[in-house]
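Participant: Sharing a model prediction with you, sequence too.
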Amino acid sequence: MTHPDWERIERRTVQTGGVMATADPVVLATVLGSCVAVCLFDPQRGVGGMNHFLLPGGETDRGRLTRFGAHAMEMLINEVMRIGGERHRLLAKVFGGGHVLPGITTQDVGGQNAMFALEFLKRESIPVVSQLLQLRQPLEVRFFPQSGRAMVRRLAVQATQSVAASETRYQRVLKAQLQTDSGGDVTLF
């Protein structure tokens, strides 16, 4: 099923480490592997947003902090409230946290991301009204912030390699940036 105005509605892509909130009649879209996207919305105000984070937490004050769940969540909440959302009315939809990175057996990055997102939302008293987490394939998520509607498509297994390669490249870029910025050791998995 497609959105009735799909051909006319503007699509904004939320990249890894991104946070976007809007009251505009748009669709926010992303593709997820082990990353998680949290979609927040205020159904009365018709505003909402999406984040896309790579890791649950981090102990650095440099680099792109929104790649970490704690920063991405705080920023998303603040951005939705800045455009008119009321914190006590926020609802959440959570997606991703898949098992798609090949060769990682000791750390369940997707599972850690999913658990972090759900625990964070519980701690902040933001109800999760929908979730699709920890699959073995990537997801494409389309979120309509004005209505809170989400459309999720499971991507073919072949897309897993592409998403895993993209996440691995992003991790390498972040590692290089952090080493350049701080001159210290950073271990990204």
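Facilitator: All right, it came through fine. Residues are numbered from 1 along each chain as shown.
Participant: So which residues of this protein form strands?
Facilitator: Here the chain has its strands, by DSSP state E, at 10-13, 19-22, 26-32, 36-42, 47-51, 91-96, 128-133, 139-144, 149-154.
Participant: Looking at these, which is nearest to residue 82?
Facilitator: With Cβ to Cβ, the closest approach to residue 82 among the strands of the chain belongs to strand 19-22: 7.3 Å. Where you see a C-beta, it was placed from the backbone N, CA and C, and this is true even at glycine.
Participant: which helices and strands does that closest one pack with?
Facilitator: Judged by 3 or more Cβ pairs under 8 Å, 6 or more residues apart in numbering; DSSP states H and E, strand 19-22 is in contact with strand 47-51, helix 69-82.
Participant: quick one on the thing from earlier: select, out of the strands of the chain, the one closest to residue 79.
Facilitator: strand 19-22 (3.6 Å).
Participant: and that closest one, what's its mean pLDDT?
Facilitator: For strand 19-22, the mean per-residue pLDDT is 98.
Participant: Would you mind listing the outside residues contacting it?
Facilitator: Residues outside strand 19-22 that contact it (Cβ atoms under 8 Å, 6 or more residues apart in numbering): 12, 14, 28, 40, 47-52, 66, 72, 75-76, 79-80, 82-83, 85, 145.
Participant: Okay, now the unreliable bits of this protein?
Facilitator: For the chain, the stretches with pLDDT under 70 are 1-7, 58-67, 101-106, 157-189.
Participant: could you redo the last one with a cut-off of 80?
Facilitator: Scanning the chain for pLDDT under 80 picks out 1-8, 57-67, 100-107, 157-189.
Participant: Can you give me the first-to-last residue distance of stretch 116-132?
Facilitator: Distance between the two ends of stretch 116-132: 14 Å, counting by Cα to Cα, to the nearest Å.
Participant: And the contacts of it?
Facilitator: Stretch 116-132 has contacts (Cβ under 8 Å, 6+ apart) with 36, 38, 40, 56-57, 69-70, 73, 77, 90-95, 97, 133, 139, 148, 150, 152.
Participant: Go ahead and build a PyMOL selection from the buried members of those.
Facilitator: Filtering the contacts of stretch 116-132 down to the buried ones (16 or more other Cβ atoms under 10 Å) takes a single PyMOL command:
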select buried, resi 36+38+40+56+69+70+73+77+90+91+92+93+94+95+97+133+139+148+150+152
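Participant: number of nearby residues for residue 107?
Facilitator: Residue 107 sits with 11 neighbouring residues when counted by other Cβ atoms under 10 Å.
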